[in-house]
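Asks: Kindly generate the corresponding structure for this input.
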Amino acid sequence: MRIRVRLGGCLPVLTGRSSEQALELPEGATVAEALALAGVRPEMAMLVSVGGHVRQLNHPLSDGDHLVVVPPVSGG
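Replies: Residues are numbered from 1 along each chain as shown. As a prediction, the model looks like this:
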């Protein structure tokens, strides 16, 4: 199956990857597997949305899904 991943904030710099990626994954792959393929370690993702809904790392993906990954934010 094919999905799209958008890396937000500083993630493209931290991962050395493009902010928009198209990934090929096997049927039944999860958010965690997509993140690993996109070069994102779990601790680098504060929030992951799939189709506009916040999802956990074990959420199964479907062909055509669009993931948006938001890194932890700090400041003050």
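Asks: and Glu33, that's in a strand?
Replies: No. Counting by DSSP: H, G, I helix; E, B strand; the rest coil, Glu33 is not found in a strand; it is helix.
Asks: got the contact list for it?
Replies: Residues in contact with Glu33 (Cβ atoms under 8 Å, 6 or more residues apart in numbering) are Leu25. Quick note: C-beta positions are derived from backbone N, CA and C, even for glycine.
Asks: Equivalent analysis for Gly9, please.
Replies: Per Cβ under 8 Å, 6+ apart, neighbours of Gly9: Val70, Pro71, Val73.
Asks: Between those, which sits nearest Leu61?
Replies: Val70 (17.5 Å; Cβ to Cβ).
Asks: Was I right to think that closest one contacts Ala45?
Replies: Yes. Taking Cβ atoms under 8 Å as the definition, Val70 is a contact partner of Ala45 at 7.1 Å.
Asks: how many other residues sit next to the residue lying closest to Ser62 once chain neighbours are set aside?
Replies: Take Ser62 and drop its neighbours on the chain: the residue closest to it by Cβ to Cβ, 6 or more residues apart in numbering is Met1, 6.9 Å away. By other Cβ atoms under 10 Å, the residues close to Met1 number 14.
Asks: what's the spacing between Met1 and Thr30?
Replies: 12 Å (Cβ to Cβ, to the nearest Å).
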